[in-house]
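**Student:** sequence and computational prediction follow.
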Amino acid sequence: MAKKPPDDSPKIDDRPFIDANSQARSRYGRFNLAVIGGTGVGKSSLVNAVFARDLAAVGKGMPLTSGVNYYHDESLGIWDFEGFEIGTQASPAAALRSHLATIAARPADEQIAVVWFCVLADADRLTRADVEMIRELDAGGLPVILVLTKVDWERNPVTARYSMPHDTEEFRDWLEKPVDNAGRPIHLPIQRVIATATRDRHGKGTGHGLGELVEATLELSPRNEKDAFRIAQRLNLPWKRQMARPVIAAASAAAAAAAAVPIPVADATTLAPIQMTMMGRIATIYDLELTSMLSTSALAQLAAQLSGQALARSFLKLVPVAGSVINAGVASSITAATGEGWMKLCEQVHTGRIDPDKVSDVIGEYTPGIVSVVSKLALRKIGKH
């Protein structure tokens, strides 16, 4: 019986990936959003459109008390305030005040960052209870975005531009400068009024006003929770790229430092921990649970593929003058190309273009090639001049 040839594939530890992913999640934390509105106002559709999560299936559901529930996963928490019944013993404002006091006593990672106060676009006016609740939220130091939901946007056949119905536009204008029947100003402490629809009038499309809502939410978020919101939301991919690229740059610099004294190609796997750490952090930015998508063995295989050893060998064959060792420039360029390829893969999974269960099957398509490494190396040289 023939002996099985020895396994000379590089032995890569996947712990740097897992540890970096866990540490990044702890660093960025969870973004907590309060959503207030009655039944049928479209809260679940709104949350799903922005975060790609069903409101009641965000993660663990925890009934706090009658009228409010907390749903959360690692990156997103939703405080869902149910509609307040008029005519009950406690006023809506008093009930809300009680809920806010209870929430204030919860742990720091459950505290509300921003409030979406949802009102149907065809409501015409806010009720007195709505106004009083908004004042309670403001008194609690919470920034309030008034979200007009289910706006029936109309498309102009000539200009192709969308506009809201005249009645909705009047309602929006009133909300921005509210007055009573006598024309006297009403104190309504809202930060922004955003008109939205999660679908067009035919129940299709990606909706309207959601990008504006996302931008307003980020603007009003506390400074230390802005990155948590960038991670939790699913609409603005450039934000995620802006977060990922410094991670790639830092890893490239670390790889260059590791190869300051050129290392033999056979030892290229020494770059793997740097690259795996980079990949773990980027996976967090795209809110991906890669450790649940890939087995431990698959992660190790992935690390071997992207460790730089095979790529370095190919590079040195293509550019013989480079010698038989990896210098700082090559190490940095390989790591940068690896990071860009990984970021693209994460983005494809994040947007649903690649099934998480198929990640292992398509990794090869995102492994950097010689052209991308040479390009990074050229850019690095240009940057030094």
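**Tutor:** That came in fine, so what should we check first?

**Student:** residue 37 versus residue 276, what's the distance?
**Tutor:** Distance, residue 276 to residue 37, by C-beta to C-beta, to the nearest Å: 44 Å. Every C-beta, even on glycine, is put in place using the N, C-alpha and C of the backbone.

**Student:** more neighbours, those two?
**Tutor:** residue 276 (28 against 21; other C-beta atoms under 10 Å).

**Student:** the more buried one reaches residue 17, doesn't it?
**Tutor:** Yes: between residue 276 and residue 17 a contact is recorded at 4.2 Å, counting by C-beta atoms under 8 Å.

**Student:** any weak-confidence spans in the stretch 1-150 of the chain?
**Tutor:** In the prediction, the stretch 1-150 of the chain carries residues with pLDDT under 70 at positions 1-13, 55-66, 83-89.

**Student:** for the stretch 251-385 of the chain, same thing?
**Tutor:** In the stretch 251-385 of the chain, residues with pLDDT under 70: 265-268, 290-324, 368-385.

**Student:** where along it do the helices fall?
**Tutor:** Using DSSP state H, counting those that start in this stretch, the helices of the stretch 251-385 of the chain run over 272-285, 290-293, 296-306, 309-318, 328-350, 359-366, 370-384.

**Student:** tell me the domain ranges of the protein?
**Tutor:** For the chain, the structural domains run 28-232, 237-384, going by automatic domain parsing.

**Student:** hey, which of those is tucked in deepest?
**Tutor:** The highest average neighbour count among these, using mean count of other C-beta atoms under 10 Å, belongs to domain 237-384 at a mean of 18.

**Student:** strands of this protein, residue ranges please.
**Tutor:** Applying DSSP state E to the chain gives strands spanning 31-36, 60-65, 68-72, 76-81, 114-120, 144-149, 154-155, 162-163, 192-195, 263-264, 325-326.

**Student:** what sits against the residue lying closest to residue 346 once chain neighbours are set aside?
**Tutor:** Spatial nearest neighbour of residue 346, chain neighbours left out: residue 286 (4.0 Å); criterion: C-beta to C-beta, 6 or more residues apart in numbering. Neighbouring residues of residue 286 by C-beta atoms under 8 Å, 6 or more residues apart in numbering: 231, 240, 244, 343, 346-347, 349-350.

**Student:** now do residue 286 against residue 221, distance only.
**Tutor:** 19 Å.

**Student:** got it, and residue 149?
**Tutor:** Distance of residue 149 to residue 221, given as C-beta to C-beta: 21 Å.

**Student:** per-residue confidence for the spatially most central residue of the chain?
**Tutor:** Centroid check for the chain by C-alpha atoms, centre = their mean gives residue 231 as the closest residue, at 2.4 Å. We have a pLDDT of 96 for residue 231.

**Student:** how about the one 5 residues further on?
**Tutor:** At residue 236, the pLDDT value in this model is 94.

**Student:** kindly report the same for residue 203.
**Tutor:** 57.

**Student:** so what's residue 279 closest to, chain neighbours aside?
**Tutor:** Residue 279 sits nearest to residue 342 (C-beta to C-beta, 6+ apart), 5.0 Å away.

**Student:** and the one you found, what does it touch?
**Tutor:** Residue 342 makes contact with 278-279, 282, 306, 366 under the criterion C-beta under 8 Å, 6+ apart.

**Student:** pick out whichever of these sits closest to residue 140.
**Tutor:** residue 282 (36.1 Å; C-beta to C-beta).

**Student:** give me the distance between the residue nearest to that closest one when sequence neighbours are not counted and residue 330.
**Tutor:** Of all residues not flanking residue 282 in the chain, residue 244 sits nearest, at 4.9 Å (C-beta to C-beta, 6+ apart). Going from residue 244 to residue 330 by C-beta to C-beta gives 22 Å.

**Student:** quick one, helices of the stretch 51-200 of the chain?
**Tutor:** So, for the stretch 51-200 of the chain - with DSSP H, counting those that start in this stretch - the helices run 92-104, 128-139, 166-176.

**Student:** can you list those in JSON lines and add distance to residue 120?
**Tutor:** Output for the helices of the stretch 51-200 of the chain, formatted as JSON lines (distance: least, C-beta to C-beta, whole Å):
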{"stretch": "helix 92-104", "distance to residue 120": "17"}
{"stretch": "helix 128-139", "distance to residue 120": "11"}
{"stretch": "helix 166-176", "distance to residue 120": "10"}
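
**Student:** which of the ones you listed sits closest to residue 338?
**Tutor:** Between the helices of the stretch 51-200 of the chain, helix 92-104 lies closest to residue 338; by C-beta to C-beta that is 42.9 Å.

**Student:** off-centre distance for the closest one?
**Tutor:** 29 Å (C-alpha atoms, centre = their mean, to the nearest Å).

**Student:** strand 68-72 and that one, what's the angle between them?
**Tutor:** Taking axes from the mean of the first three to the mean of the last three C-alpha atoms, to 10 degrees, one finds that helix 92-104 is oriented at 40 degrees with respect to strand 68-72.

**Student:** for helix 92-104, output the C-alpha coordinates as PDB.
**Tutor:** Extracted C-alpha coordinates of helix 92-104, given in PDB (Å, rounded to 0.1, in the frame of the first residue of the first chain):
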ATOM      1  CA  PRO A  92     -49.300  58.400  26.900                       C
ATOM      2  CA  ALA A  93     -46.700  61.000  28.000                       C
ATOM      3  CA  ALA A  94     -46.700  59.600  31.600                       C
ATOM      4  CA  ALA A  95     -46.500  56.000  30.300                       C
ATOM      5  CA  LEU A  96     -43.600  57.000  28.100                       C
ATOM      6  CA  ARG A  97     -41.800  58.700  30.900                       C
ATOM      7  CA  SER A  98     -42.100  55.600  33.000                       C
ATOM      8  CA  HIS A  99     -40.700  53.500  30.100                       C
ATOM      9  CA  LEU A 100     -37.800  55.800  29.600                       C
ATOM     10  CA  ALA A 101     -36.900  55.700  33.300                       C
ATOM     11  CA  THR A 102     -36.900  51.900  33.200                       C
ATOM     12  CA  ILE A 103     -34.600  52.000  30.100                       C
ATOM     13  CA  ALA A 104     -32.300  54.500  31.800                       C
END
